[in-house]
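1. can you look at this prediction? I've put the sequence above it.
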Amino acid sequence: MRFMTAEPFRIKMVEPLKMTTKEQRQQCLKEAGYNAFRLRAEDVYIDCLTDSGTSAMSNKQWSALLLGDESYAGCKSFYKLEKSVQDIFGMPYVQPTHQGRAADYIMTQIYCKPGMYAIGNLHFDTFRGNAEMLGTFPVDQVIDEGLDSASGYHPFKGNLDLNKMQKLIDEKGAEKICVVIITVTCNGNGGQPVSMKNIREVSALAKKYNIPVVIDSARLAENAYFIQQREEGYQNKSIKEITNEMFSYCETATMSSKKDGLVNIGGLFVTRNKDVFAQANQMAIVHEGFITYGGMAGRDLEALAVGLQEGCDEHYLKYRTEQVHYLGEKLKEKGIPIVEPTGGHGVYVDGRRFFPNIPQSEFPSQRLVCALYEEAGVRAVELGACAFGKKDPKTGADIWPELELMRICISRRVYTDRHMDVIANTLGYIYENRDKYTGMKLVYEGPITSLRHFTAGFEML
Ligand code: F0G
C-alpha cells in the first residue's frame, strides 16, 4: 500500500528556490525565445527538463567524495568503481567516461561503419548524432504500441519488434547491420521498459547473424525494477540478479551514469570482449583521459561506485517509480492525455491530444511547455515537432514525427509529491482553458535539424 510508505530517506540539506511572478516568467520566456533550454535555471521553480545529472546524492556519496584518489593512473577510486560495476553488470571490463555520450562515441567508433545500419528500439539523440556523423544509418524498430500514445496499457512498450528486425536483416543483408542497440528503459517513448524475454530474443536473433548487441543502460535499474514487477518469473529475483541477466545477453553496455548512477556527472563503457576493451582504452586515452579515470575526477568515481549500488536498492526504486506513477495518475484524473503506463523517469503528455486545435506544424507540445512554465515556473521539455521534426532532403518540406509529446522528467530524490501536485494542478488548469491557446512559429533554428530544439527560437502566433 503506497500510503504506508513514503520516501525511504529524509532531507538533510535543502536548496532554496527562487519564487517568481507570472509577469516575470512571461519576460523570461520572451528573452529565451520561448525555448525552455534557453531559460536560466534560477528562474525555474520545479525543473523537469531532464533527469540527467540532477539527482540528489546521499550522505554516503558525499562522504565518499572525500575518499577520492586523484592519482592519474591506477587510482584507488577506480578499483572501487570497477568492483561496483562488475557486481551490477556482470561484465569484466570497465572503462569510465566523462558522460554517456562519450561512451556512445567510443561505442560508435568501434561498432559502426559508414553505409551500414544500426538497429535500435528507439536510438537516443547522442548515439544518433555519433552514428550519422560516421555515415551509419540508425533505424528505430520499437513495437508499434510503443509509438502510439493512445494505445493503452502494455507492460513493455520499449520492446524491439523482432519482425521489423528480421525484415531489415532480410532486406539489407546481415552483413549490412553493424550493431543492435537496446536502450533500457526506452527514453524516446516515455521511459518504457524492455522485457527480459525481448532482450533475450533480440540477442538470439542477432547472434544467429553474428551481429553484436549493445545495451544503452542509462536507466538499467528502473528497467530491472519493471521486469521484477511486471514479468512472469522475476518477482522473487533481486534487482542485481535481473541486471546481471539483462547484460548476459549483450557484448557491451554504455551508460550515462547521470541517471540511475545517482551522480551529477559520469559515464561508463562496459564490455565482456577483451579486444573491444583494448580499443575502448585507446580511444579513452585520446579523448577522455587515462583508462582508470576516463575524464572523471577520483571523487566522482567514488560517488558513482556508491550511487550505482543505491540506484539498485528496491525501496528506492519503489519510491522512485511510484512518484512518477503518482503524477501520471493525478494527470489522468484531470483527463489529461498521457503515455500509459507511466515509465521510469517521467510522465509524457500527448501535445496533440492536449491541444487538438493546434496543428503539429504549430508545435502543440512546445506550446504546452511554455504554458506550464508561464503558469507555475515548471520547466518540461518538448519531444515532438521541434525535437524530432525533419526536412525532406530533396524538397526541404517538413516531416513531422509520429510522437508529439511533452516530457515531464522527474529528478531522482529531489522533489516531493507536493511538487508533483503543483505540476498536476497547473496542467489541469491549462487543460480546462485549452481552447484559449494558439500555436507557435519557429523563427530560428541552427544548421543541424536534429539538434535544433536546443537552440531554437519561437514566436507566439
Ligand atoms: N543514452 C540515453 C538513453 C540517454 O537518455 C542519454 C542522455 C544519453 C545516452 C547520453 O548521456 O547526457 O550523459 O551524455 N539523456 C539525457 C536526457 C540528456 O535528458 O534524456 P549523457
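-> Thanks, I have the structure now. Residues are numbered from 1 along each chain as shown.
2. how much space between residue 63 and residue 12?
-> Remark: distance between residue 63 and residue 12 (Cβ to Cβ, to the nearest Å) = 12 Å. The way it works is simple: take the backbone N, C-alpha and C, and place the C-beta from them, glycine included.
3. got the residues of the stretch 51-200 of the chain near the ligand?
-> Residues of the stretch 51-200 of the chain lying near the ligand by Cβ under 6 Å from any ligand atom: 52, 99, 100, 101, 104, 124, 126, 183, 187.
4. check contacts around the third one.
-> This means residue 100. With contact set as Cβ atoms under 8 Å, 6 or more residues apart in numbering, residue 100 has these partners: 126, 216, 218, 254, 255, 256, 257, 258, 267.
5. tabulate those residues (JSON lines), appending pLDDT and secondary structure.
-> Output for these, formatted as JSON lines (pLDDT from 0 to 100; DSSP: H, G, I helix; E, B strand; the rest coil):
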{"residue": "126", "pLDDT": "90", "secondary structure": "helix"}
{"residue": "216", "pLDDT": "98", "secondary structure": "strand"}
{"residue": "218", "pLDDT": "98", "secondary structure": "coil"}
{"residue": "254", "pLDDT": "98", "secondary structure": "strand"}
{"residue": "255", "pLDDT": "98", "secondary structure": "strand"}
{"residue": "256", "pLDDT": "98", "secondary structure": "strand"}
{"residue": "257", "pLDDT": "98", "secondary structure": "coil"}
{"residue": "258", "pLDDT": "98", "secondary structure": "coil"}
{"residue": "267", "pLDDT": "98", "secondary structure": "strand"}
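6. grab the two from those residues that are most spread out in space.
-> Across those, no pair lies farther apart than 126 and 257, at 13.9 Å, counting by Cβ to Cβ.
7. higher neighbour count, those two?
-> Remark: of residue 126 and residue 257, residue 257 carries more neighbours, 34 against 19, as counted by other Cβ atoms under 10 Å.
8. what's the overlap in contacts for residue 63 and residue 12?
-> With Cβ under 8 Å, 6+ apart, residue 63 and residue 12 have no common neighbours.
9. if we can go back for a sec, who wins on neighbours among the contacts of residue 100?
-> residue 257 (34 neighbours).
10. does it really touch residue 307, like I thought?
-> Yes - between residue 257 and residue 307 there is a contact under Cβ atoms under 8 Å: 7.3 Å.
11. overlap in contacts, the two.
-> residue 263.
12. quick one: low-confidence parts of the chain?
-> 1-4 (pLDDT under 70).
13. mind telling me which residue of it is nearest the ligand?
-> Closest contact between the chain and the ligand, by Cβ to the nearest ligand atom, is at residue 100 (2.4 Å).
14. in space, what's closest to that residue - neighbours in sequence excluded?
-> With sequence-adjacent residues excluded and distances taken as Cβ to Cβ, 6 or more residues apart in numbering, residue 100 is closest to residue 256, at 2.5 Å.
15. I'd guessed the one you found sits against residue 267; true?
-> Yes - using Cβ under 8 Å, residue 256 is in contact with residue 267, at 5.5 Å.
16. okay, and the common contacts of those two?
-> 99, 100, 101, 103.
17. now those residues: which count as buried?
-> Burial by neighbour count, judged by 16 or more other Cβ atoms under 10 Å, picks out 99, 100, 101, 103 from these.
18. my guess is the third one contacts residue 255. True?
-> No - counting by Cβ under 8 Å, residue 255 is not a contact partner of residue 101; they are 11.2 Å apart.
19. overlap in contacts of those two?
-> residue 267.
20. state the distance from residue 371 to residue 7.
-> 29 Å.
21. so between these two, which is more surrounded?
-> residue 371 (24 against 15).
22. mind listing what the closest residue to that one other than its chain neighbours touches?
-> Leaving aside its sequence neighbours, residue 371 sits nearest to residue 430 (Cβ to Cβ, 6+ apart; 4.9 Å). By Cβ under 8 Å, 6+ apart, the contact set of residue 430 is 368, 371, 372, 375, 437.
23. among those residues, which are in helices?
-> Judged by DSSP state H, those include 368, 371, 372, 375 as members of helices.
24. what about the third one, neighbour count?
-> The reference is to residue 372. So residue 372, with other Cβ under 10 Å, has 23 neighbours.
25. show me what the residue lying closest to it once chain neighbours are set aside is bridged to.
-> Of all residues not flanking residue 372 in the chain, residue 378 sits nearest, at 4.9 Å (Cβ to Cβ, 6+ apart). Beta-bridge pairing for residue 378 (DSSP bridges): residue 46.
26. and what of the one 5 residues further on?
-> Going by DSSP bridges, residue 383 is paired in beta bridges with residue 405.
27. so it makes contact with residue 402?
-> No - applying Cβ under 8 Å, one finds residue 383 not in contact with residue 402, separated by 11.4 Å.
28. comparing those two, which residue is more hemmed in?
-> Counted by other Cβ under 10 Å, residue 383 and residue 402 do not tie: residue 383 has more neighbours, with 25 against 12.
29. quick one: residues contacting the more buried one.
-> When contacts are counted by Cβ under 8 Å, 6+ apart, residue 383 is found next to 188, 348, 365, 403, 405, 406, 407.
30. what distance do you get for it to residue 453?
-> 8 Å.
31. and for residue 181?
-> Distance from residue 181 to residue 453, by Cβ to Cβ: 22 Å.
32. now residue 360
-> Using Cβ to Cβ, residue 360 is found at 15 Å from residue 453.
33. got the phi/psi numbers for the most centrally placed residue in the chain?
-> Nearest to the mean C-alpha position of the chain, by Cα atoms, centre = their mean, lies residue 187 at 4.1 Å. Dihedral pair for residue 187: phi -60, psi -40, per degrees, to the nearest 10.
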